[in-house]
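Chemist: Structure here, sequence nowhere to be found:
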């Protein structure tokens, strides 16, 4: 016998070493997989952490207490007119802005009027309209500070501004509250007054139009292709074009909308109407594909049973197949709509990037949408807009995640095994 | 008074509802009087009347909305006030549209003084054509409704007729996809041909200098190579270096190692990455990732490191695509028959040897198809690049430098103050055509591979 170990000698040192090496490789590989999962998770967590960290401060605002003595500085307005439609102009014409600026100088020292937001007097105006009695009294108003003061107070700035803010803080004049203008205003050049309501309303209008067009068209097209269409070259062409459209880059839809809707048909540019049409074309293929899968999942026995008791093919589909497929169709539609709601690139091309300081009045008036507002604010170098951008991102993500959660909930609730 | 299509559509929808009720009532009445059995149930008679009332009028409304602005403008041009207008050109159009906005109440006063005398004729013509349109539409609706109403008899096959119309509607809905595809191809082709009359296709495809600055074709150079290179660097190289390994390993871990409970939670969590809007990624890349990378580059001693870098855009885009790659790989790995996996394990291979030497080679065609689709998505992505990669056309392999891509240039060309006929604007459509063709080819090849592979084990 030689002392050469046999290749299957599991106890031999060489074999044990090889096994140990292979097991180590196995552990390394598994760890690598875990690391890959963790890397994606960590990125997501980091992204959310940065956005929430920056954005939460955008929801609050630093206010400063400014006493305004209307007895010493009477604002002469006819209180009977405060309920009228032109009450805003009446109060502005009476010189409220000057009174507020003067009171701020009195209360906060020289340069005090620069420390409150240039729109602060509008808050006073709102208060007066709500309660005209204020005009006979001396009241302490908590007015929004200017953007620089707000940032200094939130971040603990140094230098002259930091000293001023510290002094105010010691006197207990500063307070922090929810920044309501952020929720009820449209875009503005002053970060203290800029809000997302205009963009939010634009988003809702745009998505509503996209839904009203894409949902019926998509579902009807899916019904036709899945239930009635003969197998021929035409239906093949339809199928291929739907599948391709689902993979076309979104910016191409923007080019299509610019050429067709705006330059050929002249539909109102930069409006929710054109935006909605564009997004409808984009989401329609997604809805068709999801609907076809849902319709396919309805078992043929349902159709045969309905046909057997004398229903016509149209009745079979509209009375039986469609209701049963609807939860699946809705799930796909919600996911498609969520994607459309987050879309920016095609809307950039149809002119929705202009500064719009008003809340859109109708489907044809110039509008902006939430992702576009984020894009526009991200270009503003003003520090006040960084937290605004992140705050708007938080709102957008909350809307999108709840839409996706709703889709998952619907899918789980209505998932059927036939 | 202007021609408000939405309100009119509501009006005829209301009329159609009345028609529906009337048709149903009429058929009920007839059935009772004649002591006969109806062929179709009453609501089908109702639908028949409603459709005859609604469809012709709605069709007319659509045509009229498209045609009437032209007719109105013709009327205005024929009026005396139009004699003073300048001859064809940009100014003439501006004056006309100014007058139109005032006449239709979209704007309080004219911005161009020359438009003032045109306001009254415009308002007159608008008013006249609105009334003509409304009159014709109502006449059509009533005629259609009356025609259908008089045809109601107990033996009338209303259901068959209604169902025919329903089938027609279904067919039309499915044609929208073809129409959209044609719309894309035609609009891109049409504008690109106009561009290629000014600039040769060879320059766009093979030129190496991209400098569309003035808008006049003789001063600008439209060499597309730097854009194509930037697109490939970001979308096909950097993004894929991030997305392929992480996506593949994620798929392997989740299908082969993770407990079903973990998988059920982690998968949707990762899919959030695909649901985050691209503008958010772009902002994140520009605000956080790019400055960090710049500091890193400076630390390494790399000169001309820019805050707008190909690397920042590419990494973030890669992360966005991870769930896409991993779910494609997931599908392909799951499609490999369990017997192959079990066979390998039974021979004594460790799980990782099985995965690397059996599962992945078997799943490779599907994975390749998925990767091609991911590349196609990455090169079509816009916002991340616009916000983080910059707009300067550089032909550099340095990932810390600023590069630009096809999509970013399309946005840049179309968001300036250009009139629609300049070479700069048309160039965007030519770039769009290139992008469309390339992504289409990638998608077709990818779908072929995936499909062919899927059939192999069936």
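Modeler: Structure's in. What do you need? These numbers were taken from a predicted model, which means no experiment stands behind them.
Chemist: excluding its backbone neighbours, what's nearest whichever residue of chain A sits closest to chain B?
Modeler: Closest contact between chain A and chain B, by Cβ to the nearest Cβ, is at residue A:249 (2.5 Å). Bear in mind the C-beta positions are built from the backbone N, C-alpha and C, glycine included. Nearest residue to residue A:249 in three dimensions, chain neighbours excluded: residue B:380, at 2.5 Å (Cβ to Cβ, 6 or more residues apart in numbering or on different chains).
Chemist: so the one you found touches residue B:407, yeah?
Modeler: Yes: counting by Cβ atoms under 8 Å, residue B:407 is a contact partner of residue B:380 at 6.6 Å.
Chemist: between these two, who's got more neighbours?
Modeler: residue B:407 (30 against 24; other Cβ atoms under 10 Å in any protein chain shown).
Chemist: Scan chain A for its longest strand.
Modeler: Assignment by DSSP state E gives strand A:60-69 as the longest strand of chain A.
Chemist: quick one, what contacts the residue nearest to residue A:249?
Modeler: Residue B:380 makes contacts with A:248, A:249, A:250, A:251, A:252, B:407, B:435, B:439, as judged by Cβ atoms under 8 Å, 6 or more residues apart in numbering or on different chains.
Chemist: nearest to residue B:47, of those residues?
Modeler: residue A:248 (36.9 Å; Cβ to Cβ).
Chemist: Got phi/psi on that closest one?
Modeler: With angles defined as degrees, to the nearest 10, residue A:248 sits at phi -70, psi 140.
Chemist: how many neighbours does it have?
Modeler: With other Cβ under 10 Å as criterion, residue A:248 counts 23.
Chemist: can you check residue B:244 too?
Modeler: Using other Cβ under 10 Å, residue B:244 has 21 other residues around it.
Chemist: okay but it is in contact with residue B:371, surely?
Modeler: Yes: with contact defined as Cβ under 8 Å, residue B:244 counts as touching residue B:371 (6.3 Å).
Chemist: quick one: common contacting residues for the two?
Modeler: residue B:325.
Chemist: any idea which helix or strand of chain B has the worst average confidence?
Modeler: When each helix and strand of chain B is scored by mean pLDDT, DSSP states H and E, helix B:90-103 comes last, with a mean of 73.
Chemist: what's it in contact with?
Modeler: B:73, B:76, B:85-86, B:107-112, B:114-116, B:118-120, B:122-123, B:126, B:419.
Chemist: quick check: angle from the next helix-or-strand element following that helix to helix B:90-103?
Modeler: For helix B:90-103, the following helix or strand on the C-terminal side (DSSP states H and E) is helix B:116-150. With axes from the mean of the first three to the mean of the last three Cα atoms, to 10 degrees defining the directions, helix B:116-150 sits at 60 degrees from helix B:90-103.
Chemist: Counting by contacts, list what the helix or strand following helix B:116-150 packs against.
Modeler: Helices and strands here follow DSSP H and E; after helix B:116-150, the next one along the chain is helix B:158-198. With contacts taken as 3 or more Cβ pairs under 8 Å, 6 or more residues apart in numbering or on different chains; DSSP states H and E, helix B:158-198 sits against helix A:197-223, helix A:233-245, helix A:250-257, helix A:272-296, helix A:313-315, helix B:42-78, helix B:423-456.
Chemist: Mean neighbour count, those: which tops it?
Modeler: Across the helices and strands packed on helix B:158-198, averaging neighbours per residue (mean count of other Cβ atoms under 10 Å in any protein chain shown) puts helix A:250-257 on top, at a mean of 27.
Chemist: quick check: angle from it to helix B:158-198?
Modeler: Going by the same axes, to 10 degrees, helix A:250-257 makes 100 degrees with helix B:158-198.
Chemist: So which elements touch helix A:250-257?
Modeler: Judged by 3+ Cβ pairs under 8 Å, 6+ apart, helix A:250-257 is in contact with helix A:272-296, helix A:345-349, helix B:158-198, helix B:360-380, helix B:406-415, helix B:423-456.
Chemist: Determine which of those helices approaches residue B:19 most closely.
Modeler: Here helix B:158-198 is closest among those (Cβ to Cβ), at 12.8 Å.
Chemist: is whichever helix or strand comes after that closest one up against chain A anywhere?
Modeler: Downstream of helix B:158-198, the first helix or strand assigned by DSSP H and E is helix B:201-206. No: contact of helix B:201-206 with chain A (Cβ under 8 Å from any Cβ of the partner chain) is absent, the minimum separation being 15.8 Å.
Chemist: for stretch B:432-448, same thing?
Modeler: Yes: using Cβ under 8 Å from any Cβ, we find that stretch B:432-448 touches chain A at B:432, B:435, B:436, B:439, B:440, B:443, B:444, B:447.
Chemist: hang on, isn't the last one packed against residue B:368?
Modeler: No: with contact defined as Cβ under 8 Å, residue B:447 does not count as touching residue B:368 (11.9 Å).
Chemist: gap between the closest residue to chain A within the stretch 351-458 of chain B and residue B:424?
Modeler: Residue of the stretch 351-458 of chain B nearest chain A, by Cβ to the nearest Cβ: residue B:380 (2.5 Å). Distance of residue B:380 to residue B:424, given as Cβ to Cβ, to the nearest Å: 22 Å.
Chemist: From one end of stretch A:114-134 to the other, what's the distance?
Modeler: Taking Cα to Cα, to the nearest Å, the first and last residues of stretch A:114-134 lie 24 Å apart.
Chemist: Could you pull up the mean pLDDT of it?
Modeler: Averaged over stretch A:114-134, pLDDT sits at 80.
Chemist: and that stretch, which residues are buried?
Modeler: Within stretch A:114-134, the residues scored as buried using 16 or more other Cβ atoms under 10 Å in any protein chain shown are A:115-125, A:128, A:132, A:134.
Chemist: Check what contacts that stretch and list those residues.
Modeler: Stretch A:114-134 has contacts (Cβ under 8 Å, 6+ apart) with A:64, A:66, A:68, A:70, A:75, A:79, A:82, A:87-88, A:91-92, A:96-97, A:99-101, A:104, A:108, A:135, A:141, A:143-147, A:149, A:164, A:181, A:188, A:190, A:192-193.
Chemist: Tell me the buried residues within these.
Modeler: So, by 16+ other Cβ under 10 Å, the buried ones in the contacts of stretch A:114-134 are A:64, A:66, A:68, A:70, A:75, A:82, A:87, A:91, A:96-97, A:99-101, A:104, A:108, A:135, A:141, A:143-147, A:149, A:164, A:181, A:192-193.
Chemist: shared neighbours of residue B:380 and residue B:407, which are they?
Modeler: Going by Cβ under 8 Å, 6+ apart, residues that sit against residue B:380 and also against residue B:407 are A:249, A:251, B:435.
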